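K.L.:
Coordinates only, no sequence provided:
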């Protein structure tokens with residue numbers, strides 16, 4: 001019997017849909033090395049754990065449909081989209097790798113799947129009035145005519161634009177809890193009166209148009225951070241759909257974040273937000289995360305949403321070992 005099952009009361013599990021594809025592993029050879037290394041198996045590890053913990057059934061895990069270029073063009077300029085398809089140096093700059101590491105077709109397929117996952121999750125959340133997670137998304141540094149900071153396409157902005165094109169007119173909230181400010185999302189959506197952008201971050205990049213910003217000093221701990229989250233949530237207006245960027249780069253020791261949060265602190269964040277949003281249609285996204293524990297934050301999102309639990313992921317659980325043992 002799976003020992004993880006005993007940790008949770010599966011009879012009281014909240015319905016949850018997760019969008020995931022094996023192609024979410026970013027196919028860039030240089031992305032897993034160096035000071036800016038990405039955790040390319042974060043989605044794999046989180047989904048595997050959630051399945052073993054019975055937070056999900058296999059029927060709850062859905063493969064996304066890749067966003068098409070008409071979808072992307074609702075937000076991004078034709079010139080920028082053309083450069084992504086023809087010039088490997090553009091994607092190389094976004095992901096801080098050498099152009100020789102970039103195979104354009106494969107990378108763009110993964111990115112389009114990620115954007116498509118956010119679109120599909122938003123459609124599902126609205127139609128079913130439920131909660132969804134896209135395990136690869138939250139690309140908040142991508143603007144209409146540029147990419148930056150490992151974000152080539154702004155999946156949240158594209159998803160909102162697609163929903164609008166399909167007739168959805170409701171107010172939307174984007175709650176951004178990545179360590180870094182949502183500069184690209186502000187460029188995409190900051191002048192849209194139907195979208196409220198809220199952010200708790202640890203870097204001062206100047207005022208961002210249309211963003212309700214809560215900035216904290218580097219080294220902020222759990223208590224400081226959670227107080228800021230509560231204040232931001234108190235200012236959120238009434239909305240009909242919410243996107244939540246549950247960044248893992250707030251953890252102590254993250255390569256690119258400078259907060260001092262613990263894993264229990266990030267779980268408290270997810271619980272605060274989930275309880276505030278209640279039954280509202282909502283889409284959760286992983287955003288940034290550059291440490292070996294980033295997958296635990298994403299898995300913790302699933303546990304918070306499915307079970308409303310503070311129960312920690314066992315310290316002796318290793319995703320690769322668990323998968324090999326299962327085989």
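P.N.:
On my side now, so go ahead. Since this is a predicted model, take the numbers as computed values, not measurements.
K.L.:
only C-alpha atoms for contact and neighbour calcs from this point on.
P.N.:
Will do.
K.L.:
Other residues contacting the helix or strand hosting residue 80?
P.N.:
Here residue 80 is covered by helix 78-86, with elements defined by DSSP states H and E. Contact with helix 78-86 is made by 73, 90, 91, 104, 105, 108, 144, 145, 146, as judged by C-alpha atoms under 8 Å, 6 or more residues apart in numbering.
K.L.:
Take those residues and keep only those in helices.
P.N.:
90, 91, 104, 105, 108 (DSSP state H).
K.L.:
List only buried entries from those residues.
P.N.:
Neighbour-count burial (16 or more other C-alpha atoms under 10 Å) is assigned, among the ones in helices among the contacts of helix 78-86, to 90, 91, 104, 108.
K.L.:
Quick one: neighbours of residue 13, just the number.
P.N.:
16 (other C-alpha atoms under 10 Å).
K.L.:
thought it was touching residue 55?
P.N.:
Yes - at 6.9 Å, residue 13 counts as touching residue 55 under the criterion of C-alpha atoms under 8 Å.
K.L.:
Can you check which residues contact both of these two?
P.N.:
By C-alpha under 8 Å, 6+ apart, the residues touching both residue 13 and residue 55 are 306, 307.
K.L.:
Pull the distance from the strand ranked longest in the chain to the chain's centre.
P.N.:
For the chain, the strand reaching the highest residue count under DSSP state E is reported as strand 195-201. Taking C-alpha atoms, centre = their mean, to the nearest Å, one finds the center of strand 195-201 at 14 Å from the center of the full chain.
K.L.:
where do the strands sit along this structure?
P.N.:
16-19, 61-62, 131-134, 172-176, 195-201, 211-215, 241-245, 282-285.
K.L.:
what's residue 270 in contact with, if anything?
P.N.:
246, 300, 301, 304, 305.
K.L.:
list the buried ones in the helix holding residue 80?
P.N.:
Those would be 80, 81, 84, for helix 78-86 by 16+ other C-alpha under 10 Å.
K.L.:
could you redo the residues you listed as CSV and give each row distance to residue 221?
P.N.:
Shown next, in CSV, are the buried residues of helix 78-86 (distance: C-alpha to C-alpha, whole Å):
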residue, distance to residue 221
80, 39
81, 40
84, 39
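K.L.:
Out of the residues you listed, the closest to residue 152 would be?
P.N.:
Closest approach between the buried residues of helix 78-86 and residue 152, by C-alpha to C-alpha: residue 84, at 8.4 Å.
K.L.:
Out of the strands of the chain, the one nearest residue 265 is which?
P.N.:
strand 195-201 (14.3 Å).
K.L.:
partners of the closest one, with directions?
P.N.:
strand 172-176 (parallel), strand 211-215 (parallel) (DSSP bridges).
K.L.:
report the angle between the axes of that strand and strand 241-245?
P.N.:
Strand 195-201 and strand 241-245 meet at an angle of 20 degrees, taking axes from the mean of the first three to the mean of the last three C-alpha atoms, to 10 degrees as the criterion.
K.L.:
average pLDDT across strand 195-201?
P.N.:
Mean pLDDT, computed over strand 195-201, is 98.
K.L.:
Near residue 324, how many other residues are there?
P.N.:
Neighbours of residue 324 using other C-alpha under 10 Å come to 8.
K.L.:
From residue 313, how far out is it?
P.N.:
As for residue 324, its distance to residue 313 is 19 Å (criterion: C-alpha to C-alpha, to the nearest Å).
K.L.:
ditto for residue 192
P.N.:
For residue 192 relative to residue 313 (C-alpha to C-alpha), the value is 39 Å.
K.L.:
So for stretch 179-187, first residue to last residue, what's the gap.
P.N.:
Stretch 179-187: ends 18 Å apart by C-alpha to C-alpha.
K.L.:
oh, I was asking about stretch 206-213
P.N.:
10 Å.
K.L.:
List the contacts of it.
P.N.:
With C-alpha under 8 Å, 6+ apart, stretch 206-213 has contacts from 182-183, 186-187, 189-191, 196-201, 232.
K.L.:
Isn't residue 279 up against residue 130?
P.N.:
Yes - using C-alpha under 8 Å, residue 279 is in contact with residue 130, at 6.7 Å.
K.L.:
Can you pick out the residue with more neighbours from the two?
P.N.:
Legend: neighbour count by other C-alpha under 10 Å for residue 279 and residue 130, higher for residue 130 (20 against 11).
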